[in-house]
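K.L.:
have a look at this fold, sequence not included:
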């Protein structure tokens, strides 16, 4: 379950008197209904512990239900603004933390020990530190030497080495300027939302969106990715994806639901394409150790959250008037959302991420090339078909017919990737 509901709703879900709403295409939504009557009962109050996305703000997903402006007066909209504001602040913090880690990654190749200092587990800890105001984001960056003071001397030396690199200084200057524009756009957007004047509000939201698009263009500049290793590419793209979500929110707040829907669909496609590009550019075991758990988390948590957000928009705007009124009149408490979500973030930040644990287990059963193929399968399961066909052909040719199963659905990615790599090595040795 992605979402957490009120205690009384969780009891109802467990007993079967309530049901979680599922979209027509099978996507679970942050809404519960009466199982007998189908009447809407309420909405989620947070995200389940362990299901926290890396950069998607759960508040924006919940806001798709709780803040449907086309059917609300300004006073009701104003009462619920903290949900959206919290989501925007979360995105801003994520960008600051993610781009800061490029101060360790640098531009070219990077040693494994440096990557381990800013891996998925460390990112979750840094995000929590920023959220709890233990670390300050200044000019789009945090003081990594201070944040990582407990790391070994080699990491501090790496930070100092990257800081003197001329090319990185150029990149950092561009990112700092873009982050400044991003932060100003978010502040302008938040200020616009509290105005009761519709024309002024829309004008300011339009202006903030223009600023966000300019910031996005700098972050998504392909020249900044030239010569950057897979880990660095992933960090830059994560910043792009976060800003893209902020832009989508501007359309949602202006009731441009078709545009918001299209942007969320396009973002999911872009994330998959970008991560495949990152996987293709991976050139070492240490880089794979870095990107595998992180891409896994994006696939298992961020993409489902974005998909749920998209389907929330579709579902709510097509609700009958009575159901919509019932949903919007449900008891609401901003702090309940914040408390539930932050508790999950805190626990996941302290513990080693499950994605990291699973990857370490996979490493005991696979090798570099196989793991890389498995990561591709995770992002695009359709890629498996060509591998399955190759394995079947090679198994028959080599008289290993038992290695060509009739039902591939029962075969895990691990086995498919390992068999594919095995036959490739056999063919190479025979040439």
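P.N.:
In hand now; what should we look at? Please read all numbers here as calculations on a predicted model, not as lab measurements. Numbering: from 1, shown residues only.
K.L.:
pretty sure residue 32 sits in a strand.
P.N.:
Yes. Per DSSP: H, G, I helix; E, B strand; the rest coil, residue 32 lies within a strand segment.
K.L.:
quick check, it in contact with residue 21.
P.N.:
Yes. Under the criterion of CB atoms under 8 Å, residue 32 makes contact with residue 21 at 6.8 Å. Where you see a C-beta, it was placed from the backbone N, CA and C, and this is true even at glycine.
K.L.:
neighbour count for those two, which is higher?
P.N.:
residue 32 (24 against 21; other CB atoms under 10 Å).
K.L.:
which parts of this protein are strands?
P.N.:
In the chain, the strands defined using DSSP state E lie at 3-4, 18-22, 28-34, 40-43, 46-47.
K.L.:
pick the most deeply packed of those strands.
P.N.:
strand 46-47 (a mean of 26; mean count of other CB atoms under 10 Å).
K.L.:
before we move on, back to that, common neighbours of residue 32 and residue 21, please.
P.N.:
Residues touching both residue 32 and residue 21 (CB atoms under 8 Å, 6 or more residues apart in numbering): residue 40.
K.L.:
quick revisit: now render the strands of the chain as CSV, adding mean pLDDT and distance to residue 285.
P.N.:
Shown next, in CSV, are the strands of the chain (pLDDT from 0 to 100; distance: least, CB to CB, whole Å):
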stretch, mean pLDDT, distance to residue 285
strand 3-4, 88, 37
strand 18-22, 93, 41
strand 28-34, 89, 36
strand 40-43, 83, 44
strand 46-47, 83, 33
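K.L.:
which one of the ones you listed lies closest to residue 209?
P.N.:
Counting by CB to CB, residue 209 lies closest to strand 28-34 out of those; the figure is 25.3 Å.
K.L.:
which residues sit in contact with the closest residue to residue 12 other than its chain neighbours?
P.N.:
Spatial nearest neighbour of residue 12, chain neighbours left out: residue 18 (3.3 Å); criterion: CB to CB, 6 or more residues apart in numbering. Contact partners of residue 18, counting by CB under 8 Å, 6+ apart, are 9, 12, 32-35, 41.
K.L.:
for the residues you listed, name the two members farthest from one another.
P.N.:
9 and 35 (11.9 Å).
K.L.:
compare these two and say which is more crowded by neighbours.
P.N.:
residue 9 (20 against 15).
K.L.:
quick check, that one in contact with residue 40.
P.N.:
No. Judged on CB under 8 Å, residue 9 makes no contact with residue 40 at a distance of 11.5 Å.
K.L.:
and the pLDDT for residue 80?
P.N.:
Per-residue confidence (pLDDT) for residue 80: 63.
K.L.:
and the one 10 residues further on, by the same measure?
P.N.:
Looking at residue 90, its pLDDT reads 91.
K.L.:
follow-up on the earlier one: need the overlap of contacts for residue 9 and residue 40.
P.N.:
Contacts common to residue 9 and residue 40, judged by CB under 8 Å, 6+ apart, are residue 32.
K.L.:
the spatially closest residue to residue 261 that is not a sequence neighbour and residue 382, how far apart?
P.N.:
Nearest non-adjacent residue to residue 261, counting by CB to CB, 6+ apart: residue 313, 5.4 Å away. Using CB to CB, to the nearest Å, residue 313 is found at 26 Å from residue 382.
K.L.:
if you count what's nearby, which of the two comes out ahead?
P.N.:
Between residue 313 and residue 382, counting by other CB under 10 Å, residue 313 is the more crowded of the two (22 against 7).
K.L.:
kindly provide the distance from the more buried one to residue 305.
P.N.:
13 Å.
K.L.:
same deal with residue 224?
P.N.:
27 Å.
K.L.:
equivalent analysis for residue 100, please.
P.N.:
23 Å.
K.L.:
where does pLDDT dip in this protein?
P.N.:
For the chain, the stretches with pLDDT under 70 are 64-80, 327-349, 431.
K.L.:
need the longest helix for the chain.
P.N.:
helix 166-193 (DSSP state H).
K.L.:
show me what that helix is packed against.
P.N.:
Judged by 3 or more CB pairs under 8 Å, 6 or more residues apart in numbering; DSSP states H and E, helix 166-193 is in contact with helix 81-100, helix 102-105, helix 198-219, helix 230-253.
K.L.:
in CSV: these, plus mean neighbour count and distance to residue 53.
P.N.:
Below are the helices and strands packed on helix 166-193 laid out as CSV (neighbours: other CB atoms under 10 Å; distance: least, CB to CB, whole Å):
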stretch, mean neighbour count, distance to residue 53
helix 81-100, 23, 10
helix 102-105, 24, 21
helix 198-219, 17, 19
helix 230-253, 24, 10
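K.L.:
could you check how far stretch 267-282 is from the centre of its chain?
P.N.:
In terms of CA atoms, centre = their mean, to the nearest Å, the centre of stretch 267-282 is found 13 Å from the chain centre.
K.L.:
also stretch 153-165?
P.N.:
For stretch 153-165, the distance to the chain centre is 28 Å (CA atoms, centre = their mean).
K.L.:
what is the neighbour count of the nearest residue to residue 426 once chain neighbours are set aside?
P.N.:
Spatial nearest neighbour of residue 426, excluding adjacent residues (CB to CB, 6+ apart): residue 398 at 7.1 Å. For residue 398, the neighbour count with other CB under 10 Å is 14.
K.L.:
repeat that for residue 289.
P.N.:
Residue 289 has 21 nearby residues by other CB under 10 Å.
K.L.:
measure it to residue 161 for me?
P.N.:
In terms of CB to CB, residue 289 sits 21 Å off from residue 161.
K.L.:
with residue 12 instead?
P.N.:
In terms of CB to CB, residue 12 sits 57 Å off from residue 161.
K.L.:
the more surrounded of those two?
P.N.:
Shown here are residue 12 and residue 161; by other CB under 10 Å, residue 12 has more neighbours (20 against 13).
K.L.:
dump the residue contacts of the more buried one.
P.N.:
Counting by CB under 8 Å, 6+ apart, residue 12 has contacts 18, 32, 41.
K.L.:
got it, and residue 103?
P.N.:
Going by CB under 8 Å, 6+ apart, the list of residues near residue 103 reads 141, 144, 159, 162-163, 168, 172.
K.L.:
who's in contact with the nearest residue to it once chain neighbours are set aside?
P.N.:
Nearest residue to residue 103, sequence neighbours excluded (CB to CB, 6+ apart): residue 144, at 5.2 Å. Contacts here follow CB under 8 Å, 6+ apart; on that basis residue 144 touches 100-101, 103-104, 159.
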